[in-house]
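In: return a 3D structure for these sequence lines:
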Amino acid sequence: MIQDSPRAPVLGLFVGGKGRRMGGAAKALLPAPGSGEPLGARLLRLAEAAGLPVVLIGDARASDLPPSAATLLGLHDRPAGIGPLGGLAALLAHADPRPALALACDMPYLDAELLKKLAYDPRPAAVLAPRDRATGKWQALFARYDPRLVRPALEATLAAGERSFQQLFARLPCTELLLDDAEHAQLRDWDYPADIEP
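Out: I've put the predicted structure just below:
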């Protein structure tokens, strides 16, 4: 059941990428391994299981998304044309003062329990996110943001002409969400056609 508390986190599902590395394919429509369920529909189902209200982030038309997304609010990047930081700005403005979860639409292995772990971790944090084990970078599109603390830093980042999540995070106190090996494996995403598994 979707939480209706005014403090319930809002999940922003990032669906508006151009899919250039995927040959132009809409990642939200790629079939999940095993079930063949579209990735976007699968993540919407997980969000419902985790009790999270969802908004769609990006310029994708509703007709391009799974039927279950047709009734959801869609937010356009603010500003457009700067990459996913524009989507984050739109999500933070919509969610404020509630926590905002940013989730990429190309994560076929994520389960509802890990989504809940991120959403309902009790620690207050400007940004709560795991780090990539190979690079040490923060996982920006599996992260929870406090809009009140992040919005000023995001405005400063954009004003400086910076377009990287890592540049944004350098301006913020970030808290690491510690994951075990199995949980880390759930964050594997699909960037290229060779990543897709049947």
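
In: okay, now the unreliable bits of this structure?
Out: Along the chain, segments meeting pLDDT under 70 span 1-7, 17-24, 59-68, 70, 198.

In: helices of this structure, residue ranges please.
Out: 39-49, 84-95, 112-120, 147-159, 165-169, 181-186 (DSSP state H).

In: residue contacts, the spatially most central residue of the chain?
Out: The residue lying closest to the centre of the chain (CA atoms, centre = their mean) is residue 103, at 1.5 Å. Residue 103 sits next to 11, 12, 13, 14, 43, 47, 115, 141, 142 when contact means CB atoms under 8 Å, 6 or more residues apart in numbering. The way it works is simple: take the backbone N, C-alpha and C, and place the C-beta from them, glycine included.

In: and which of the residues you listed is nearest to residue 32?
Out: residue 43 (9.2 Å; CB to CB).

In: okay, now that closest one: neighbour count?
Out: Burial of residue 43 is recorded as 28 neighbouring residues (other CB atoms under 10 Å).

In: mind listing the strands for this protein?
Out: Along the chain, counting by DSSP state E, strands occupy 10-14, 54-57, 74-75, 100-104, 127-129, 142-145, 174-176.

In: make JSON lines out of those strands and add distance to residue 111.
Out: JSON lines is the format used below for the strands of the chain (distance: least, CB to CB, whole Å):
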{"stretch": "strand 10-14", "distance to residue 111": "15"}
{"stretch": "strand 54-57", "distance to residue 111": "16"}
{"stretch": "strand 74-75", "distance to residue 111": "25"}
{"stretch": "strand 100-104", "distance to residue 111": "13"}
{"stretch": "strand 127-129", "distance to residue 111": "18"}
{"stretch": "strand 142-145", "distance to residue 111": "12"}
{"stretch": "strand 174-176", "distance to residue 111": "20"}
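
In: out of the contacts of residue 103, which end up buried?
Out: 11, 12, 13, 14, 43, 47, 115, 141, 142 (16 or more other CB atoms under 10 Å).

In: tell me how far the nearest residue to residue 119 once chain neighbours are set aside lies from residue 82.
Out: Among residues not flanking residue 119 along the chain, residue 9 sits closest, at 4.7 Å (CB to CB, 6 or more residues apart in numbering). When distance is defined by CB to CB, to the nearest Å, residue 9 is 24 Å away from residue 82.

In: hang on, the earlier thing: name the stretch among the helices of the chain that sits most buried.
Out: Most buried of the helices of the chain by mean neighbour count (mean count of other CB atoms under 10 Å) is helix 84-95; its value is a mean of 22.

In: on that earlier part again, which of the contacts of residue 103 lies closest to residue 130?
Out: Closest to residue 130 out of those is residue 142 (6.7 Å), distances taken as CB to CB.

In: please name the bridge partners of the closest one.
Out: Beta-bridge partners recorded for residue 142 (DSSP bridges): residue 103.

In: close enough to count as contact, it and residue 187?
Out: Yes. Look at residue 142 against residue 187 with CB atoms under 8 Å: they come within range, at 5.7 Å.

In: right, I'll leave it there.
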